[in-house]
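Student: dropping a prediction and its sequence here:
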Amino acid sequence: MKITRRSVLGTAAAAAAAGALPSQPARAANKKLTIGVCSDFSGPYSDIGGETSVACVRQALQDFGAANKGYDITVIQGDHQNKPDVGAGLARQWFDNGVDLLIDVPNSAVALAIAGVAAEKNKTYINSNAGTTLLTGAKCNAQTIHWTYDTYMLAHSTGGAMVAAGGKKWFFITANYAFGQLLRDQTSAVVKAAGGTVVGDVDYPFPQTTDFSSYLVQAQSAGANVLGLANAGKDTVNSIKQAHQFGITQSGMTIAGLLIFLNDIHGIGLETAQGLVLTESFYWNLNERTRAFTKRVLPKTPANYPSMGHAGCYSGTMHFLKAVDKIGVDAAASGAAVVTQMKSMPTDDDAFGHCSIREDGRFMCPSFLFRVKKPGQSSIPWDYYDLVHTTPADQTFQPMATEGCPLVKA
Amino acid sequence: MNFGFTKAQSIGLMLMVLAIILAPFFFYPIVVMQVMCYAVFAMGANLLMGSLGLLSLGQAAYFGLGGYITGYLVQSLGLTPELGIIAAALGAGALGTLFGWLVIRRQTIYFAMITLALAEIVYFFAVQATRFTGGENGIQGIPRGALFGVLPLANDRAMYALVAVIFLACFLFVHRIMHSPFGQVVKAIRENEPRAISLGYKVEQYKWVAFILAAMLAGIAGGTKAMVMGIETLSDVGSAASGLVVLMVLLGGIGTIFGPLIGALIVVAMQYYLAPFGAWVIVIQGVIFVACVLVFRRGVIGELAVRLKTAL
Amino acid sequence: MLMIFGKPLPLLFGQLLLGIINGSFYAMLSMGLAIIFGLLRIINFAHGALFMVGAFVTWGLLTYLSLDFWWALFLAPVIVGAFGLLLERTLIRRIYKLDILYGLLLTFGLALILQGGFTNYFGSSGVSYNAPDALSGVVNLGFMYLPVYRGFVIFAAILVCGATWFLIEKTRLGALLRAATANPGLVQSFGVNVPRLIALTFAFGVGLAGLAGVLAAPLYSVNPNMGSDLINTVFAVVVIGGMGSIGGAILSGFALGIIEGFTDVFYPPGSAVVVFVVMAIVLLARPAGLFGKLA
């Protein structure tokens, strides 16, 4: 028998919010808003989401000047524990009790579950940390905006780069849930389109797997020259560390971490991670604006630098506030109204610069292919990346026509 | 219909009905509905533990299966809710019949371990049968639909009424069973099994039936909960849920009739109010287990019953 | 390349080796469980949590006291064993007279307390711990690359299991233990302090779990769920071997690790559940397990 954190019932996790929620917000009078950060606070995605996401949301409030503009905004947080039922229950309870924006949500399975609840309750939902393209595809809706990145971006950028560099025989180690499977499928498509082959694939139980040794041994014996990791967060960190223990690179394979965040590199260490190629849409040391944003937010999260998911929380919240400013707090009770407004305005912030939101809810930003520096090359803390290639926004994401989003008129 | 309620139990019943009627005005209806679903689940486990002294560590198999059956039928095949829940009861009952036949002859420890193993096997199937269960993603967006095709359940109040009716029906059913000739034999088996055998009762068959009933109740609970929450995932089939229901029965009072409800109420309320404290919920659940075993073996209702010198 | 059932031989050997490694942990943990059940008639559901505590103590010794792995190999089991002694004195002692299932429930509650406490403090993903330098690195065996540390684990596990088995079956102390299991009253009348013997036995069994935790720390990430992830499987192993049989526990542990490893090759999704299928089959055929006796 095991009772893990996962046994906590869905509605329960919202109790943190229950105390702080206004039961009948007197909205127009004093411009009250509530923002809920639903994330993974203690599991494999706690570093790429978690407390740093909350810090970035608060930074957005500060940079927007919410207090000066007369807004009274409460920020609450809840842990979805990587369980769709916990996340959906949380979202249901939050929306029933007056939360105006639900943001973050790493873990694609939870992300999709919450999208359904957001549509049912007509409340605004910005997903900043999950990968599934379904959020702007078959499962898109009028209340959801998909920020930061998606699996298509990763498959084409990292996947494409690895194939171009000679990686023709792939073996996938896949986290066995929505995100991992989708990432593997989309990357396989890229590999095959470029003339490569997929020689093997193994799906492991998520999120409880910490030992990848058996999958690594299988990869080695399958004769692949690329080890494709269709996973994220601490799973990726463990896979890469163990791959080195098993001499994967010595046996002639290169490691393709299809989704790697800056925080993962920090966990792996430059010694082991050097040379890895990855794709993010934000890097704190990329330009003057990103450096300025990072400098402002760091005091709130000194032990963990922001990576793209966190930056997306910042950017998404900023844009949300600008939209609400335009249509008014009363109108913001309708998620569809807010999202329509957000789609009609171009975005601009220090994290992503000038970007836009497409009709299907896809946030359009450029993506960057980075290579991890060698230990000697890194001079300041968390300075881990060299920029290899920039893909402009309109090529980064899947064309709307092929996505199958019901909102998009053919 | 003589249900065999004592005076204290009748008062308890009236209080319970009153509480159920008033609760949605004071508490979030979804949470109260969850309490009632888990109470039905616990009633089944209580039947096994209280009447027969059998500790099953795998009741979640039936709970989760019921939820998946209802979720799948209602969402993918468009069945009306009551058919979905009936199907859950039948499906869970069928599984209980099969598993019961496998385990019923085992002795205490081995009984517990086999039920654990069987539940793990069911969990494995739940992960693999993605077309039916959705695997790690679960079945999402289960519509409430319309009861009997005419009464829409999307409104939480309407759904609450249905859940309350289901709960009370199960409650009365269990109590009726325990006061029937069947229930008398079961009690005799509990008190002195060799004697019951010597009197000619086919003890194993009685245990088997009790096992099936427990599975059906779990299935009804799971199916109803799936309709309430609109989502059904692996956590309802896992050993966590099996452990949780044992906690509810233990805390409420093994063998009492109000025990399951009180146990479910305390456990669910605790998780709800203590959630801000993160994993402290688990720590406190552990403390309650330890306390119940060491000093509080009769559970809440059991202690109350002893104080009032009556059966509850 | 030679293929057996469609799988290349090197892969089968590789999985066999990995299976033996997992089996090492199963064997060590189930041995401790069998000892505790054999003498105390307690089903120690907290065994997995104590294994986890052993791993965390190992990490703590390095982080706070700068004591490395080799120190931890000796200190951690002692610390965990002492903790076990405390548990026995305060809690376990009170339930000897109760129905055996209450012991299960009590230790299950203990496991929750430990697991929840560590999760609160460390998060569910835990901390990382690296193998000592002397044991890091990789050996190319031809059919697979074997990390040196994993080879060490196999060696250490066989040593520990063998030594414990010898202790219980072949020494006077072990004989005393076995006698006390069979007839505590008689043994006590010979002047042996049976309660103390019981307490020390519990501490020893728990210490074994702690030792397994030390060995596991560099392998799996040190996280609060590492025990609960294992405990169901370990129980199945003990049941398969026969609940009081130490030799049975060791053999079943290694055997099931190997079976799991092969299942991982031929039918990967089944590797988590094959243990339970085997247990169900064994129990249906031999209700007391392979080497056990019905009490």
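Tutor: Sure, I can see it. Numbering: from 1, shown residues only, chains lettered A, B, ... in the order given.
Student: measure the residue sitting furthest away from the middle of chain B to B:Asn192 for me?
Tutor: Going by CA atoms, centre = their mean, the residue of chain B most distant from its centre is B:Ser198, 32.4 Å out. Per CB to CB, to the nearest Å, B:Ser198 is found 9 Å from B:Asn192. C-betas here are computed from N, CA, C, even on glycine.
Student: just A:Ala292 next, same as before
Tutor: According to CB to CB, A:Ala292 and B:Asn192 sit 80 Å apart.
Student: any idea which element the nearest residue to B:Ala92 once chain neighbours are set aside lies in?
Tutor: Distance criterion CB to CB, 6 or more residues apart in numbering or on different chains; nearest residue to B:Ala92, sequence neighbours excluded, is B:Gly219 at 2.4 Å. Assigned by DSSP states H and E, B:Gly219 belongs to helix B:203-229.
Student: so after that helix, what's the next helix or strand?
Tutor: Downstream of helix B:203-229, the next assigned helix or strand under DSSP H and E is strand B:231-232.
Student: how about that following strand and chain A, any contact?
Tutor: Yes: between strand B:231-232 and chain A, judged by CB under 8 Å from any CB of the partner chain, the touching residues are B:Ile231, B:Glu232.
Student: all helices of the stretch 301-410 of chain A, in order?
Tutor: Using DSSP state H, counting those that start in this stretch, the helices of the stretch 301-410 of chain A run over A:308-327, A:335-344, A:393-396.
Student: give me the distance from the first one to the chain's centre.
Tutor: Okay, so that is helix A:308-327. On the basis of CA atoms, centre = their mean, to the nearest Å, helix A:308-327 sits 15 Å off its chain's mean C-alpha point.
Student: can you pull the contacts of the closest residue to C:Pro132 other than its chain neighbours?
Tutor: Distance criterion CB to CB, 6+ apart; nearest residue to C:Pro132, sequence neighbours excluded, is C:Phe69 at 4.0 Å. Each residue near C:Phe69 by CB atoms under 8 Å, 6 or more residues apart in numbering or on different chains is listed here: C:Thr58, C:Leu62, C:Ala131, C:Pro132, C:Leu135, C:Val214, C:Ala217, C:Pro218.
Student: before we move on, the earlier item: please identify the most buried of the helices of the stretch 301-410 of chain A.
Tutor: Of the helices of the stretch 301-410 of chain A, the one with the most neighbours on average (mean count of other CB atoms under 10 Å in any protein chain shown) is helix A:308-327, at a mean of 26.
Student: first to last residue in stretch A:161-170, what's the distance?
Tutor: Terminal residues of stretch A:161-170 are spaced 13 Å apart (CA to CA, to the nearest Å).
Student: buried ones in stretch A:252-269?
Tutor: A:253-268 (16 or more other CB atoms under 10 Å in any protein chain shown).
Student: among those, which ones lie close to chain B?
Tutor: For chain B, no contacts are drawn from the buried residues of stretch A:252-269 by CB under 8 Å from any CB.
Student: ok so, going back, please report phi then psi for the residue farthest from the centre of chain B.
Tutor: phi -70, psi -20 (degrees, to the nearest 10).
Student: measure it to B:Ile189 for me?
Tutor: Counting by CB to CB - B:Ser198 and B:Ile189 are separated by 12 Å.
Student: stretch B:242-250 near chain C at all?
Tutor: Yes: applying CB under 8 Å from any CB, one finds stretch B:242-250 in contact with chain C at B:Gly243, B:Val246, B:Leu250.
Student: for B:Glu232, give me its contacts.
Tutor: A:85, B:64, B:67-68, B:70-71, B:133-134, B:138-139, B:142, B:222, B:226.
Student: can you mark which positions in the helix or strand harbouring B:Leu83 are buried?
Tutor: Here B:Leu83 sits within helix B:81-103, counting by DSSP H and E. If you call a residue buried by 16+ other CB under 10 Å, then helix B:81-103 has these buried ones: B:81-89, B:91-96, B:99-100, B:103.
Student: one more: stretch B:282-302?
Tutor: The neighbour-count check on stretch B:282-302 (16+ other CB under 10 Å) flags B:282-290, B:292-294, B:296-302 as buried.
Student: considering only these, which also neighbour chain A?
Tutor: B:Ile282, B:Gln285.
Student: in helices, which of the buried residues of stretch B:282-302 appear?
Tutor: Among those, the ones falling in helices (DSSP state H) are B:282-290, B:292-294, B:299-302.
Student: who are the neighbours in contact with A:Ser378?
Tutor: The contact partners of A:Ser378, taken as CB under 8 Å, 6+ apart, are A:Leu270, A:Tyr384.
Student: hmm, stretch A:104-120 in reach of chain C?
Tutor: No: under the criterion of CB under 8 Å from any CB, chain C is not reached by stretch A:104-120; the shortest gap measures 12.9 Å.
Student: I'd like the distance from that stretch to the chain centre, please.
Tutor: Counting by CA atoms, centre = their mean, stretch A:104-120 comes out at 12 Å from the chain centroid.
Student: I'd like the average pLDDT over that stretch.
Tutor: Averaged across stretch A:104-120, pLDDT comes to 93.
Student: repeat for stretch C:56-76
Tutor: In this model, stretch C:56-76 has a mean pLDDT of 92.
Student: kindly report the same for stretch A:160-167.
Tutor: 86.
Student: list the buried residues for that stretch?
Tutor: Neighbour-count burial for stretch A:160-167, counted by 16+ other CB under 10 Å, picks out A:Gly160, A:Ala161, A:Met162, A:Val163, A:Gly167.
Student: about what we covered before: keep the ones in helices among the buried residues of stretch B:282-302, but drop any that are not near chain C.
Tutor: Answer for these near chain C (CB under 8 Å from any CB): B:Ile282, B:Val283, B:Ile284, B:Gln285, B:Gly286, B:Val287, B:Ile288, B:Phe289, B:Val290, B:Cys292, B:Val293, B:Leu294.
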